[in-house]
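**Student:** sequence first, then the predicted structure:
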Amino acid sequence: MNTNSNKYTIIYASVMVIIVAFLLAFVSSALKDRQDKNVQLDTKKQILAALNIKDVKDADAEYDKYVQADMLMAEDGSLTENTGAFASNYEKEAKEKGRLHLFVCHIDGQTKYVFPVYGAGLWGAIWGYVALNEDKSTVYGTYFSHASETPGLGAEIATDWFQKQFEGKKALENGEIALGVEKNGKVEKPEFQVMVFRVEPLHRKVWMPC
């Protein structure tokens, strides 16, 4: 075959594309378990961070030490223990399966309740976890992160100084959400308001005994 012909070029390019696609699929499949495990470890670290347990070396061990149960809250507010695989995408689970996660934790003899929150920032998704004290109202700790917020502005939600401001404050009063973040000054264009986080209405039922 004439290696300078268009036919040869097309065949060669097609074969290379197929080979590369196969290799990428193989690598992705081979690394999937490891990737899933890394996502789980990162999620556990974020949950622990909401409990003010940070810089852990063994996330699995620390998670098992402090998190006593991963509860699933149905739309009617009923709770059942999650006996399935450890989940990481809580927003997807809430939207597709109509259930929310509530982590029951024990620290220094006291019960803490951690639940995931999520919302939309100016440039992308934001998410986090809020830990409540045994009274199911007072904030014990928080953790927030983001996909692509502006450094020095929206990205500040991931800093300690921002997250520490919530500790000791009431998250719920009379069954209603009492905690949030407001932008100072008059907002000229409401469509550009940034929602720092959103707690799904069902999470208000965290008041229910676990």
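**Tutor:** Now that the structure is in, tell me what you want to look at.

**Student:** any buried residues in the strand ranked longest in the chain, and which?
**Tutor:** Counting by DSSP state E, the longest strand found in the chain is strand 110-120. Neighbour-count burial for strand 110-120 flags Lys112, Tyr113, Val114, Phe115, Pro116, Val117, Tyr118, Gly119 (criterion: 16 or more other C-beta atoms under 10 Å). All C-beta spots, glycine's among them, are computed from the backbone N, C-alpha and C.

**Student:** and what of stretch 167-181?
**Tutor:** Those would be Ala171, Leu172, Leu179, for stretch 167-181 by 16+ other C-beta under 10 Å.

**Student:** how about a markdown table for the residues you listed, with distance to Lys164 and secondary structure added?
**Tutor:** Shown next, in a markdown table, are the buried residues of stretch 167-181 (distance: C-beta to C-beta, whole Å; DSSP: H, G, I helix; E, B strand; the rest coil):
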| residue | distance to Lys164 | secondary structure |
| --- | --- | --- |
| Ala171 | 15 | coil |
| Leu172 | 20 | strand |
| Leu179 | 14 | coil |
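
**Student:** ok, back up a step: what's the spacing between the longest strand of the chain and its chain's center?
**Tutor:** Taking C-alpha atoms, centre = their mean, to the nearest Å, one finds the center of strand 110-120 at 9 Å from the center of the full chain.

**Student:** which element follows that strand toward the C-terminus?
**Tutor:** strand 125-132 (DSSP states H and E).

**Student:** and that next one, C-alpha only, in CSV?
**Tutor:** Provided in CSV are the C-alpha atoms of strand 125-132 (Å, rounded to 0.1, in the frame of the first residue of the first chain):
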residue,chain,number,x,y,z
ALA,A,125,-21.3,23.2,42.3
ILE,A,126,-20.7,23.7,46.0
TRP,A,127,-21.2,21.1,48.7
GLY,A,128,-20.4,20.3,52.3
TYR,A,129,-21.5,18.8,55.6
VAL,A,130,-23.0,20.2,58.7
ALA,A,131,-22.6,18.6,62.1
LEU,A,132,-25.2,19.2,64.8
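
**Student:** tell me the angle that strand makes with strand 110-120.
**Tutor:** Angle, strand 125-132 to strand 110-120, by axes from the mean of the first three to the mean of the last three C-alpha atoms, to 10 degrees: 160 degrees.

**Student:** counting contacts, what elements does strand 125-132 pack onto?
**Tutor:** With contacts defined as 3 or more C-beta pairs under 8 Å, 6 or more residues apart in numbering; DSSP states H and E, strand 125-132 has these neighbours: helix 6-50, helix 90-97, strand 110-120, strand 139-146.

**Student:** the same query, at a cut-off of 7 Å, please.
**Tutor:** helix 6-50, strand 110-120, strand 139-146 (3 or more C-beta pairs under 7 Å, 6 or more residues apart in numbering; DSSP states H and E).

**Student:** so how far is it off the chain centroid?
**Tutor:** The answer for strand 125-132 is 6 Å, by C-alpha atoms, centre = their mean.

**Student:** can you start the count at 37 instead of 1 from here on
**Tutor:** Sure, I'll start counting at 37 from here, so that last one is strand 161-168.

**Student:** which residues touch that strand?
**Tutor:** 82-83, 86-87, 148-156, 174-183, 185, 193, 207, 232-233, 242 (C-beta atoms under 7 Å, 6 or more residues apart in numbering).
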